[in-house]
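>>> Pasting a predicted model and its sequence here:
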Amino acid sequence: MDLTDTIELPPQPDAPQTVPVGAGLSIFDPVFLGIDEFGHPAYLPMIYRNILIGGEPGAGKSSLLNTIVGHAALCPDVRLCLLDGKQVELGLWKDAADVFVGPDMDHAIRTLRRVQTVMDNRYSFLLARRRRKIGPNDLFGQILVACDEIAYFSATAGDKKDQDLFAALLRDIVARGRAVGIIVAAATQRPSSDIIPPSLRDLFAWRFAGRCTNDVSSDIVLGHGWYARGFSSNSIDPNNQGEGYLIAEGGIPNRVKAAYMTDADIIRVADYATWTRRRSGLAAPADLRTAA
Ligand SMILES: Nc1ncnc2c1ncn2[C@@H]1O[C@H](COP(=O)(O)OP(=O)(O)OP(=O)(O)O)[C@@H](O)[C@H]1O
């Protein structure tokens, strides 16, 4: 389907203000990631989960993150909170996002604090209703916190105090956000302990290791011991960007070639998502906008 066609319908003054779409996506649907080594589609459930994406520069991390953000952008039940120190990796989704953080440490910290407050409020809501987690019928939407290159905020920008604060806030959101519909998808070139505290890194249940420069780096992304058991993303051809080992349901690394959206694809989907969100009012949720 050419989404552009649906966006550029000729004006019909008397027509009802409806959005001409087919069945919508939900963040409760698994995300299509690509194909596995047997040619089967690889789907990844993201609700109640978090994912860490690692790999050497150019391994395809940002592209995979864009695929996850793309799914979320098309879900009316998700708000997007994007952090990208490089700006251009997730920047094409900026208009569809509730918050877009570029190379601005203060903004990053304010945003994570705000997400933390939303998280605490949601837990109070659940407690008051004697429940333990949110579900698809709860009215408040889920939130995807996508961060491209955690290291920019945890080890490069700002001073040590701010970097530690950023890591602590992100760790809290990864640790406690799941049950209240706050999902973290984060990418980094190398999640070693000098760049990302192991206490943060080890909280991510799902892992995707694109090609890594050596077996040790692969183990840092996937978790210690996988190289010894025959799984190292160092074995991936450097020219095979987007391929990597995915640890998800089943717990065993599964070789997956990620789907790839070109810039034109992203722009088309992002424009469509922005348009549908504006129409439905989803693009301006008060609780996140105030963090900007
Ligand atoms: N799934 C894929 N299929 C085919 N090509 C891909 C795929 N993913 C990435 N590529 C190619 O690899 C290039 C680099 O990808 P990407 O920017 O996602 O890497 P990265 O790991 O995020 O790099 P960096 O760490 O430098 O940001 C893309 O521009 C694209 O040409």
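Alright, I've got the coordinates.
>>> can you give me the helices in the stretch 101-250 of the chain?
Under the criterion DSSP state H, counting those that start in this stretch, the stretch 101-250 of the chain carries helices at the ranges 105-128, 150-151, 160-176, 198-201, 215-222.
>>> Those helices: which one's closest to residue 264?
Evaluated with C-beta to C-beta, the helices of the stretch 101-250 of the chain place helix 150-151 nearest to residue 264, the distance being 27.9 Å. Bear in mind the C-beta positions are built from the backbone N, C-alpha and C, glycine included.
>>> what residues does the stretch 51-200 of the chain put near the ligand?
Of all the residues in the stretch 51-200 of the chain, those in contact range of the ligand (C-beta under 6 Å from any ligand atom) are 55, 57-63, 189.
>>> Would you list the buried entries among those residues?
In terms of neighbour count (16 or more other C-beta atoms under 10 Å), the buried residues within those are 55, 59-63, 189.
>>> Same list, those residues, but as TSV with pLDDT please.
TSV is the format used below for these (pLDDT from 0 to 100):
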residue	pLDDT
55	94
59	94
60	94
61	95
62	95
63	94
189	90
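>>> can you tell me which two in those residues are farthest apart?
Pairwise distances across these (C-beta to C-beta) peak at 14.0 Å, for the pair 63 and 189.
>>> Low-confidence ranges, the protein, go.
When residues are selected by pLDDT under 70, those of the chain lie in 1-23, 279-292.
>>> Once you drop chain neighbours, what's closest to the closest residue to the ligand within it?
Scanning the chain for the residue nearest the ligand gives residue 242, at 2.1 Å (criterion: C-beta to the nearest ligand atom). The shortest distance from residue 242 to any residue that is not its chain neighbour, by C-beta to C-beta, 6 or more residues apart in numbering, is 3.8 Å, and that residue is residue 60.
>>> next one: residue 91
Spatial nearest neighbour of residue 91, chain neighbours left out: residue 84 (6.5 Å); criterion: C-beta to C-beta, 6+ apart.
>>> ok, back up a step: need the helices of the stretch 101-250 of the chain in a markdown table (columns: mean neighbour count).
Converted to a markdown table, these look like this (neighbours: other C-beta atoms under 10 Å):
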| stretch | mean neighbour count |
| --- | --- |
| helix 105-128 | 17 |
| helix 150-151 | 24 |
| helix 160-176 | 18 |
| helix 198-201 | 18 |
| helix 215-222 | 22 |
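>>> ok, back up a step: next step: the buried ones among the residues of the stretch 51-200 of the chain next to the ligand restricted to helices.
Secondary structure defined by DSSP state H assigns 61-63 of these to helices.
>>> Turn the helices of the stretch 101-250 of the chain into JSON lines, columns for distance to residue 80.
As requested, the helices of the stretch 101-250 of the chain are exported to JSON lines (distance: least, C-beta to C-beta, whole Å):
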{"stretch": "helix 105-128", "distance to residue 80": "12"}
{"stretch": "helix 150-151", "distance to residue 80": "17"}
{"stretch": "helix 160-176", "distance to residue 80": "15"}
{"stretch": "helix 198-201", "distance to residue 80": "21"}
{"stretch": "helix 215-222", "distance to residue 80": "24"}
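>>> Go through the ones you listed and name the closest to residue 37.
Residue 37 sits nearest to helix 215-222 of all these, at 16.0 Å, using C-beta to C-beta.
>>> when you scan that closest one, is anything in it near the ligand?
No - Helix 215-222 stays clear of the ligand (C-beta under 6 Å from any ligand atom), getting no nearer than 11.8 Å.
>>> and that helix, what does it pack onto?
With contacts taken as 3 or more C-beta pairs under 8 Å, 6 or more residues apart in numbering; DSSP states H and E, helix 215-222 sits against strand 51-54, strand 206-210, strand 243-247.
>>> could you measure residue 165 against residue 174, distance?
Relative to residue 174, residue 165 is positioned 15 Å away (C-beta to C-beta, to the nearest Å).
>>> residues making contact with stretch 224-236?
Contacts to stretch 224-236, defined as C-beta atoms under 8 Å, 6 or more residues apart in numbering, come from residues 55, 209-219, 221-222, 243-245, 253.
>>> do that again at 10 Å, thanks
54-56, 59-60, 202, 207-219, 221-223, 242-245, 247, 252-255, 257 (C-beta atoms under 10 Å, 6 or more residues apart in numbering).
>>> Can you measure across that stretch, start residue to end residue?
The stretch stretch 224-236 measures 18 Å between its terminal residues, going by C-alpha to C-alpha, to the nearest Å.
>>> Next, the buried residues of that stretch.
Buried residues in stretch 224-236, counted by 16+ other C-beta under 10 Å: 226-227, 231-234, 236.
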